[in-house]
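>>> got a predicted structure here, sequence first:
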Amino acid sequence: MSVAITGTGSYIPQILVPNKAFEENQFLNSDGSVIPHSNTVIIEKFKAITGINERRYAKKEFNTSDLAFLAAQNAIEDANINAEDLDYIIFAHNFGDISFGMTQGNTLPSLATRVKNHLQIKNPKCVAYDILFGCPGWIEGVIQAFAFIKSGIAKKCLVIGAETLSRVVDPHDRDSMIYSDGAGACIVEAKEGAGEILAHNSATYANEEAYYLFHGSSYHQEIPDDLKYIK
């Protein structure tokens, strides 16, 4: 039995944010001191290192689960399946739904459950759950879907990766230019004669690397410490 990705979908937000949009930001070092370079130099160096010239942000009325729903719809249509036949909805994210202007994430109910609700799936045997797995969360979701299908527990799974990271960036941190919003989804199912997922590997390095990314305070010392941002 082969396990294949039979459909894909995405949602790219409409708000285009070019690098020049950051020209008026006050970028600071982690200790709150001013970076001794102009924003023009900072932005040019950022582009040279990352290759990033622009990014997309979600409209204020959209949440992470909304972007995911739109991507999921496209994946289901691309795979030409009935959403009621899904056995699992696996949603990889890190911050949940974050209302515009806020930094606190909302993860109850799970975002996978919210997507299932948006899709109007009535089948209670379609199990919806979230995974928090950092940057490669979608890949880990595909690995789990693969395992479910190979073991006979499932036949069709929807795997989603989505974020609205624009809402958890510190405007005083130059690394904020890295992050953006969007959603991608795929259908993983048992399918004879299809191209197959041939191999996979996962690892967690939790010694020196454990806090390479974390939830921390703003670099601006006048912003309250209880407001946390991606670092």
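Alright, I've got the coordinates.
>>> shaky segments in this structure?
When the per-residue scores of the chain are filtered using pLDDT under 70, the ranges that remain are 194-195.
>>> what sits up against whichever helix in it runs longest?
As assigned by DSSP state H, the longest helix anywhere in the chain is helix 64-79. Counting by CB atoms under 8 Å, 6 or more residues apart in numbering, helix 64-79 makes contact with 6-11, 13, 58, 83, 89, 91, 93, 95-98, 111, 114-115, 118-119, 158, 160, 162-164, 181-187, 189, all of which sit outside it. In short, each C-beta sits where N, CA and C put it, glycine included.
>>> CA atoms only: put that helix into CSV for me.
Only the C-alpha atoms of helix 64-79 are listed here, as CSV (Å, rounded to 0.1, in the frame of the first residue of the first chain):
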residue,chain,number,x,y,z
THR,A,64,-4.7,31.7,11.8
SER,A,65,-7.6,29.1,11.7
ASP,A,66,-9.3,31.2,9.0
LEU,A,67,-6.2,31.1,6.7
ALA,A,68,-6.0,27.3,7.4
PHE,A,69,-9.6,26.8,6.5
LEU,A,70,-9.1,28.4,3.1
ALA,A,71,-6.0,26.4,2.4
ALA,A,72,-7.8,23.2,3.5
GLN,A,73,-10.7,23.9,1.2
ASN,A,74,-8.2,24.2,-1.7
ALA,A,75,-6.4,20.9,-0.7
ILE,A,76,-9.7,19.0,-0.5
GLU,A,77,-10.8,20.3,-3.9
ASP,A,78,-7.4,19.5,-5.4
ALA,A,79,-7.6,15.9,-4.1
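>>> next SSE downstream of that helix?
strand 88-92 (DSSP states H and E).
>>> and that following strand, how far from the chain's centre?
The gap between the average C-alpha position of strand 88-92 and the chain average comes to 12 Å, counting by CA atoms, centre = their mean, to the nearest Å.
>>> in its sheet, what does it sit against?
Strand 88-92 has these partner strands in its sheet, going by DSSP bridges: strand 127-131 (parallel), strand 156-164 (parallel).
>>> where do the helices sit along this structure?
Under the criterion DSSP H, helices of the chain are mapped to 39-50, 64-79, 111-118, 137-150.
>>> show me what contacts residue 43?
Contacts were defined as CB under 8 Å, 6+ apart; by that measure residue 43 touches 19-20, 22-23, 177.
>>> on that earlier part again, okay, the strands paired with strand 88-92, which one's buried deepest?
For the strands paired with strand 88-92, ranked by mean neighbour count under the definition mean count of other CB atoms under 10 Å, the leader is strand 156-164 at a mean of 28.
>>> cheers, nothing more for now.
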